[in-house]
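**Q** quick one, what's the 3D model for this:
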Amino acid sequence: TSDRITSHDDPTFTKHGVVHYTVANIPGAVPRTGTIGLTNVTVPYALQIANKGYKQACLDNPALLKGLNALEGHVTFKGVAESHQLPYDDAEALLKTGINV
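**A** Numbers count the residues shown, from 1 in each chain. Now for the predicted structure:
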């Protein structure tokens, strides 16, 4: 429901009864803490890819699968395909069938 960026001077706004905090680049204001937080949430994904390979990791984890925009020359994100007027291919189907992957 957020539709704007706020600043440190006025960091929150309420919309639809929800308080929003949308100050841009907070990790830049606290780089060490931001890096630790980012690492804590991304390392598990990197380990899955490293241990299983990207294909099996994406098939096993819907979050990784949703992160694919392109795969071996196929556009696998509908919004990207539509905005560039390119054909869309389903990433899961490509990974399961191995077609051109």
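
**Q** helices or strands up against the worst-scoring helix or strand of the chain on mean pLDDT?
**A** Within the chain, no helix or strand scores below helix 26-29, which has a mean of 79 by mean pLDDT, DSSP states H and E. Contacts of helix 26-29 with other secondary structure elements, assessed using 3 or more CB pairs under 8 Å, 6 or more residues apart in numbering; DSSP states H and E, are made with helix 31-60. (Each C-beta comes from the backbone N, C-alpha and C, glycine too.)

**Q** how about the CA coordinates for the least confident helix or strand of the chain, as CSV?
**A** Provided in CSV are the C-alpha atoms of helix 26-29 (Å, rounded to 0.1, in the frame of the first residue of the first chain):
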residue,chain,number,x,y,z
ILE,A,26,18.3,2.7,5.3
PRO,A,27,21.1,0.1,5.0
GLY,A,28,23.3,3.0,3.7
ALA,A,29,22.8,4.8,7.0
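
**Q** what lies in contact with that helix?
**A** Around helix 26-29, the neighbours that count as contacts under CB atoms under 8 Å, 6 or more residues apart in numbering are 33, 34, 35, 37, 38.

**Q** relative to residue 23, which of those residues is nearest.
**A** Residue 23 lies nearest to residue 34 out of the contacts of helix 26-29, by CB to CB, at 12.5 Å.

**Q** name the nearest residue to that closest one, ignoring sequence neighbours.
**A** Nearest non-adjacent residue to residue 34, counting by CB to CB, 6 or more residues apart in numbering: residue 27, 2.7 Å away.
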